[in-house]
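J.: Quick check, what structure comes out for this input:
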Amino acid sequence: GDVAPGREPVEEFCALARPTLATSDICIGQCERVYTERGSSQVHSSRRANDENRLKPHMASAFRDFNVVSLASNHAMDWGDDGLLDTIALLRENGSQVVGAGRNIDEARRPAIVEKNGVRVAILAYCSVLREGYAAESNKVGVAPLRAHTYYEAEEYYAGFPPRVVTVPYKDDLAAMAEDIAKAKKTAHAVVVICHWGIHHIPRLIPDYQPLCAEAAVEAGADLIIGHHPHIPKAIAVHNGKVCFHSV
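T.: Modelled structure (predicted):
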C-alpha cells in the first residue's frame, strides 16, 4: 500500500515495521512522496504538496526494507522532473528496484525482477489518477499511465436525479499494459501488477474502469493485481482464478 513516513526520526518508524516486513518473501511499497531538495511545486499540485510531499533526501531510508518501490502515483511529479529523478536515484541507492516511473515511458514501463525460492517474479506498476502532464512519454520524465475517460449518463428520466458516472480505460494505455504483462510473462514465473487507482475515502465504490483493467491484465498473463490510493479497504475480485485487491 501507500508508504510515506513524513516525520523524524524515520528509523523509529522503520524499526517498528521491520519485523513484519521481514516475514515477506518479496516486499513491495508504493512511494507517496518525493525525496529531494530540488524541483519546483507544479501548477497542479496542492498546498499539501508544498508542505508535505517533498521530504529531505535522507528520509528515503524508510524504504531500505523494500525489494521493490513503485513511483506510479498522483504525487510523483508534484515537484517536477528533478523531484522524481532524485527520488528514483535515492531509492536505487538504498537497494530497491523502482517501477512505474522514469526518464521516459520505456523506463517507466520496465518491470522489476525479483527471484525468491526459485520463483522469478516480474513486477509492473501503473497510475490511473494522474494530473495533466504527469504521464511519461518517449522523451519526457513521468509515470506509467493507465488512464480512464469519464462520462455522465442520465440515470432516470426526472429532473434532479444524480447521473451515472461511466469510466472507460484509455485504449492505448490498456494495450500498453497488456503488452508489458505478456512480455514479462515470457521470462518470469509470475507477474504482479500494481495499480494506483480508484476513488479515495468512499467505501465500496469501484469505478467501471478498474474491473475492465483488471480483467485485461489477467487475460494478458498477470497472476496478481494490487491496488492502492483510496486509503481504505475496497473489493477483492477473482478473475480466472487470479486475485485483484482493488485497494490495500
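J.: Helix, strand or coil: sort out Ala17 for me.
T.: helix (DSSP: H, G, I helix; E, B strand; the rest coil).
J.: you'd agree it is up against Asp65?
T.: Yes: counting by C-beta atoms under 8 Å, Ala17 touches Asp65, with 7.2 Å between them. From N, CA and C alone the C-beta is placed, and that goes for glycine too.
J.: neighbour-wise, which of those two wins?
T.: More neighbours surround Asp65 than the other of Ala17 and Asp65, with 18 against 14 (other C-beta atoms under 10 Å).
J.: Would you agree the more buried one is in contact with Ser24?
T.: No: with contact defined as C-beta under 8 Å, Asp65 does not reach Ser24; the gap is 9.3 Å.
J.: Which strand runs longest in the protein?
T.: In the chain, ranked by residue count with DSSP state E as the criterion, the top strand is strand 119-127.
J.: Angles on the backbone of the residue lying farthest from the centre of the chain, please.
T.: What lies farthest from the middle of the chain is Tyr158; by C-alpha atoms, centre = their mean that is 39.9 Å. Main-chain torsions, Tyr158, degrees, to the nearest 10: phi -100, psi 150.
J.: for Glu219, same thing?
T.: Dihedral pair for Glu219: phi -60, psi -30, per degrees, to the nearest 10.
J.: Could you point out the helix or strand that follows the one helix or strand in the chain whose mean pLDDT sits lowest?
T.: Every helix and strand of the chain was ranked by mean pLDDT, DSSP states H and E. The lowest is helix 47-51, at a mean of 57. Proceeding N to C from helix 47-51, the next assigned helix or strand is strand 54-55, under DSSP states H and E.
J.: Pull up the pairing partners for that next one, direction included.
T.: Using DSSP bridges, the strands paired with strand 54-55 are strand 34-35 (parallel).
J.: Tell me how many other residues crowd Ile225.
T.: By other C-beta under 10 Å, 24 other residues sit near Ile225.
J.: who touches it in this structure?
T.: Val192, Val193, Ile194, Cys195, Ala214, Ala217, Val218, Lys242, Val243, Cys244, Phe245 (C-beta atoms under 8 Å, 6 or more residues apart in numbering).
J.: what kind of secondary structure is it in?
T.: From three-state DSSP, the assignment for Ile225 is strand.
J.: Quick check: the gap between it and His196.
T.: The spacing between Ile225 and His196, counted by C-beta to C-beta, to the nearest Å, is 12 Å.
J.: in stretch 146-165, what's buried?
T.: Leu146, Arg147, Ala148 (16 or more other C-beta atoms under 10 Å).
J.: export those to CSV and tack on distance to His201 and pLDDT?
T.: Conversion of these to CSV gives the following (distance: C-beta to C-beta, whole Å; pLDDT from 0 to 100):
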residue, distance to His201, pLDDT
Leu146, 21, 98
Arg147, 21, 97
Ala148, 18, 97
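J.: so Ser247, which of the three states?
T.: coil.
J.: show me the contacts for it.
T.: Here Ser247 is in contact with Gly1, Gly198, Gly227, His228, His229, Pro230, His231, Ile232, Pro233, Lys234, Ala235 (C-beta under 8 Å, 6+ apart).
J.: Please report the distance of the closest residue to it other than its chain neighbours from Ala222.
T.: Leaving aside its sequence neighbours, Ser247 sits nearest to Lys234 (C-beta to C-beta, 6 or more residues apart in numbering; 3.8 Å). Remark: distance between Lys234 and Ala222 (C-beta to C-beta) = 18 Å.
J.: which of these two has more neighbours?
T.: Ranked by neighbour count (other C-beta under 10 Å), Lys234 and Ala222 place Ala222 first, with 27 against 22.
J.: just checking, the more buried one touches Val191?
T.: Yes: assessed by C-beta under 8 Å, Ala222 is found in contact with Val191 at 5.1 Å.
J.: Touching both of the two, which residues are there?
T.: Ile181.
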